[in-house]
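Novice: Predicted model and sequence below, questions to follow.
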Amino acid sequence: MEITINFKEEKEILHVLVKGEIDAYTAPKLRDKLDAIEIEEKANIAIDLSEVTYIDSTGLGVFVAFYKRATRETAHVRLVGLSERIKRLFEITGLSDLMDIDTDKKVELS
Amino acid sequence: MQKKSSVEIVTEWDIVAARQLGRNKAKEIGFGTVDQARITTAISELARNIYLYARFGNIHIEWIEEGDKKGIKIIAKDKGPGIEDVRKVLEDGYSTSGGLGAGLPGVKRLMDSMEIQSEINKGTTITITKWLR
Amino acid sequence: MEDLEREYHKILADYVKEQSERTLYIGQNFVRQLIRRNISPEDVVSLHKDAVETIYPAQFDELRLAYDFLIEMMVHYGMAMREHQSLLQKQAEIQMEMNIAANVQKTMLKTPIPSDMTIDIGMLSKPLKNVNGDYVHFIDDKKYISVAVTDVVGKGVPAALCMSMVKFGLESMEEYAHDPEHVLGVLNRIVERNVDDSMFISMFYGCYLREWGLFYYASAGHEPAFLYRAEENKFYDLEAKGMLLGIVPTTKYKRSEVLLEDGDIIVIVTDGVTEFRRDDTVDERQVVASLIHDVKGLPAQSICEYLYSELEEMQEFELKDDFSVVVIKKV
């Protein structure tokens, strides 16, 4: 299963559009792409997961690492467009308490 | 008959010249068809490494003797980026990663011995030999 | 090499004369011998060339160059083949090391399953690969039995290395084994300090008070356990929200509790048990619950084994993750 990652900058928000399944095989590619983002102070980053059908624990790890890095740079990361199943994964793992997640695809950041 | 000769590697066609020189030498020394092919392939690989990764260099080929043994020695020298971990390029599987030093384990197996000296940003010298049996 | 030349020459000459299947079979066995002796492709072509020259001396001059050309081509082929062989050997060495590592881990992570007149416990933990990223740890005290079910992110060696840390952490806290919040809190700090940002561990920690039949538990980002209530003939989720271990050093964990009645069953699993489909069409937890229901009357260990064999079959014997299940049955 393949994964694609696209970037779009709009109204001061960096949108990261991820498509596909995130598992042990595709996670390294996602990690590389996210690692390559130069995070500026107080930047707003929205990761759109509405086209992601599956995330395993390795995939979660990628998001956690990115979230931690962004937080150190005082940037704001938001995960949007999560399916019910993926949202549930973030809830079970407690990550929904830590990260800003939203099932809604709209990404206006307050 | 000259005992030593060399070819500068600058363009891809110089790889062909190095092959030609190596084949002639191997034939003169008395290597059979299969060993000629092996020696030439080894030279080709070394010259190609120079061409692709170091840009310039030269291939030096000489007839060697030790007691009543006869053989061929090839020295490939460049002033390229150098090889960081010589041990690593001699491991199989490294060739799949591409880059400098790719294919060296294969070259080593075509010959009887191989020596690598390399310094980062200074260059690499690879010496290979094969004895006539 | 000379014996090979003679033999090949004879086989080829026989074939040219009779074209019999028998000769071809002999040829096949001959090739086996060549492979065993590491004869490279260019040598095989050379062997053939010499044999052809002896059999067809008159016509050979025209063919010589074509053969020489093939020898040249085959040298590179031979290089690739020898590299392949050497990689196979290397792989065998790594495999051997892995087997040893797996045994070391097996010994290290062994945990005796407690038993009691009032409670029947079963446990099964199968690694996907050689080494296990799941870990089940029991502590058997006069007053209580505690159980930790752990899943390290990822599989294989990195997960297994991390696992040792959890085991030693748990063992060093035995005097707090009846205190899930404390154990998770300490482990969380240990893990957070020792692993990188993308690593984490989930853990379900439960404690059963023998005298009271009370089961209390806390979870660090772990999948909820199943609770089967015999009287209602119904399943519940033992949910306890809590952050994964290793993410936020200051995380506090909360305990929940449930009083077990006779016939009640608690099933703690890792996500290898409940994540067997990647689409939304099947509620996997529902499937697991119904499997448990099918065999609720069996001993705890048999329930574990039944779950494993059924779920393995459902995935066509290709599980995708380490698989661990603990069954606690009040009898």
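Specialist: Nice, thanks for sending it over. Computed from a predicted model, the values in this text were never measured in an experiment. Numbers count the residues shown, from 1 in each chain, chains lettered A, B, ... in the order given.
Novice: Point out where chain C drops to low pLDDT.
Specialist: C:154-155, C:277-280 (pLDDT under 70).
Novice: what helix or strand does residue C:146 sit in?
Specialist: strand C:144-152 (DSSP states H and E).
Novice: mind listing what's buried in that strand?
Specialist: C:144, C:145, C:146, C:147, C:148, C:149, C:150, C:151, C:152 (16 or more other CB atoms under 10 Å in any protein chain shown). C-beta coordinates here come from the backbone N, C-alpha and C atoms, glycine included.
Novice: Give the burial count for residue 4, as a bare number.
Specialist: No chain in the question, so chain A it is. 13 (other CB atoms under 10 Å in any protein chain shown).
Novice: Sorry, I should have been clearer: chain B.
Specialist: 12.
Novice: Report the beta-bridge partner residues of it.
Specialist: When bridges are called by DSSP bridges, residue B:4 pairs up with residue B:62.
Novice: Distance of it relative to residue B:73?
Specialist: Residue B:4 is 9 Å from residue B:73, where distance means CB to CB, to the nearest Å.
Novice: who touches both of the two?
Specialist: Residues touching both residue B:4 and residue B:73 (CB atoms under 8 Å, 6 or more residues apart in numbering or on different chains) are B:61, B:62.
Novice: hang on, the earlier thing: distance from the chain centre to the next helix or strand after the strand holding residue C:146, please.
Specialist: For strand C:144-152, the following helix or strand on the C-terminal side (DSSP H and E) is helix C:156-172. Here the centre of helix C:156-172 is set off from its chain's centre by 16 Å, with CA atoms, centre = their mean, to the nearest Å.
Novice: and the helix or strand that comes right after helix C:156-172, which residues are buried?
Specialist: Scanning forward in sequence from helix C:156-172 by DSSP H and E, the next helix or strand is helix C:180-194. Going by neighbour count (16+ other CB under 10 Å), the buried part of helix C:180-194 is C:180-192.
Novice: swap in stretch C:161-169?
Specialist: C:162, C:163, C:165, C:166, C:167, C:169.
Novice: Nearest to chain B among those residues?
Specialist: residue C:162 (26.6 Å; CB to the nearest CB).
Novice: What distance do you get for that closest one to residue C:319?
Specialist: Counting by CB to CB, the gap from residue C:162 to residue C:319 is 20 Å.
Novice: what's the answer for residue A:98, then?
Specialist: 30 Å.
Novice: How about residue C:50?
Specialist: When residue C:50 is compared with residue C:319 (using CB to CB), they lie 54 Å apart.
Novice: quick one, which of the two is more surrounded?
Specialist: For residue C:50 versus residue C:319, neighbours defined as other CB under 10 Å are more numerous around residue C:319 (18 against 15).
Novice: you'd agree that one is up against residue C:272?
Specialist: Yes - Residue C:319 is within contact range of residue C:272, at 6.5 Å (criterion: CB atoms under 8 Å).
Novice: Overlap of the contact sets of those two?
Specialist: With CB under 8 Å, 6+ apart as the test, residue C:319 and residue C:272 both reach residue C:128.
Novice: about what we covered before: could you single out the nearest of the buried residues of stretch C:161-169 to chain A?
Specialist: Set against chain A, the nearest of the buried residues of stretch C:161-169 by CB to the nearest CB is residue C:162 (11.8 Å).
Novice: residue contacts, the closest residue to the closest one other than its chain neighbours?
Specialist: Excluding the flanking residues, the one nearest residue C:162 by CB to CB, 6 or more residues apart in numbering or on different chains is residue C:152, at 4.6 Å. Residue C:152 is in contact with C:133, C:134, C:135, C:158, C:159, C:160, C:162, C:163, C:166, C:199, C:200, C:201, counting by CB under 8 Å, 6+ apart.
Novice: Sketch out the low-pLDDT regions of chain B for me.
Specialist: Looking at chain B by pLDDT under 70, you get B:1-2, B:93-102.
Novice: And the helices in it, which stretches?
Specialist: Under the criterion DSSP state H, chain B contains helices at B:12-29, B:33-49, B:86-89, B:104-110.
Novice: Tabulate those (TSV), appending distance to chain A and mean neighbour count.
Specialist: Shown next, in TSV, are these (distance: least, CB to the nearest CB, whole Å; neighbours: other CB atoms under 10 Å in any protein chain shown):
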stretch	distance to chain A	mean neighbour count
helix B:12-29	33	18
helix B:33-49	28	24
helix B:86-89	21	15
helix B:104-110	26	22
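Novice: thinking again about what came up before, list only buried entries from the contacts of residue C:152.
Specialist: By 16+ other CB under 10 Å, the contacts of residue C:152 give C:133, C:134, C:135, C:159, C:160, C:162, C:163, C:166, C:199, C:200, C:201 as buried.
Novice: roughly how far apart are the fourth one and residue C:128?
Specialist: The span separating residue C:159 from residue C:128 equals 10 Å under the rule CB to CB.
Novice: What sits closest to whichever residue of chain C sits closest to chain B if chain neighbours are left out?
Specialist: Proximity to chain B, evaluated over chain C using CB to the nearest CB, is greatest for residue C:79 at 3.9 Å. Using CB to CB, 6+ apart and skipping the chain neighbours, the partner closest in space to residue C:79 is residue B:106 (3.9 Å).
Novice: who touches the worst-scoring helix or strand of chain A on mean pLDDT?
Specialist: Least confident helix or strand, chain A: strand A:100-102 with a mean of 87, by mean pLDDT, DSSP states H and E. Defining contact as CB under 8 Å, 6+ apart, one finds that strand A:100-102 is touched by A:76, A:77, A:78, A:79, A:80, A:81, A:82, A:87, A:90, A:95.
Novice: which among the residues you listed are in contact with chain C?
Specialist: residue A:95 (CB under 8 Å from any CB of the partner chain).
Novice: Just flag the most distant two among the contacts of strand A:100-102.
Specialist: A:76 and A:87 (19.2 Å; CB to CB).
Novice: The longest strand anywhere in chain A - which strands sit beside it in the sheet, and in what orientation?
Specialist: Longest strand in chain A by number of residues (criterion: DSSP state E): strand A:44-55. With DSSP bridges as the test, strand A:44-55 is paired with strand A:13-22 (parallel), strand A:76-80 (parallel).
Novice: In PDB, list the C-alpha atoms belonging to the shortest one.
Specialist: This means strand A:76-80. Taking C-alpha atoms only, strand A:76-80 is exported to PDB below (Å, rounded to 0.1, in the frame of the first residue of the first chain):
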ATOM      1  CA  HIS A  76       0.700  24.600  16.700                       C
ATOM      2  CA  VAL A  77      -0.100  21.300  15.100                       C
ATOM      3  CA  ARG A  78      -3.600  20.200  14.500                       C
ATOM      4  CA  LEU A  79      -4.800  16.800  13.100                       C
ATOM      5  CA  VAL A  80      -7.900  17.200  11.100                       C
END
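Novice: and the helix or strand following that strand with strand A:44-55, angle?
Specialist: Note on strand A:76-80: by DSSP H and E, the next helix or strand toward the C-terminus is helix A:84-92. If you take axes from the mean of the first three to the mean of the last three CA atoms, to 10 degrees, helix A:84-92 sits at 110 degrees to strand A:44-55.
Novice: next one: helix A:84-92 to chain centre, how far?
Specialist: Centroid separation for helix A:84-92 versus its chain: 13 Å, with CA atoms, centre = their mean.
Novice: packing partners for that helix?
Specialist: strand A:44-55 (3 or more CB pairs under 8 Å, 6 or more residues apart in numbering or on different chains; DSSP states H and E).
Novice: Could you list the low-confidence segments of chain A?
Specialist: Chain A contains residues with pLDDT under 70 at A:1, A:105-110.
Novice: Flag every residue of the stretch 201-331 of chain C that's near chain A.
Specialist: Counting by CB under 8 Å from any CB, the stretch 201-331 of chain C sits next to chain A at C:202, C:220-224, C:241-244, C:247-248, C:251, C:271, C:275, C:278-280, C:321.
Novice: Run through who's touching the lengthiest helix in chain A.
Specialist: Assignment by DSSP H gives helix A:57-72 as the longest helix of chain A. With contacts defined as CB under 8 Å, 6+ apart, helix A:57-72 is touched by A:22-24, A:26-27, A:30-31, A:34-35, A:39, A:43, A:45, A:47, A:76-77, A:79, A:89-90, A:93, A:95, A:98-99, C:151, C:153-154, C:196-200, C:202, C:247, C:271.
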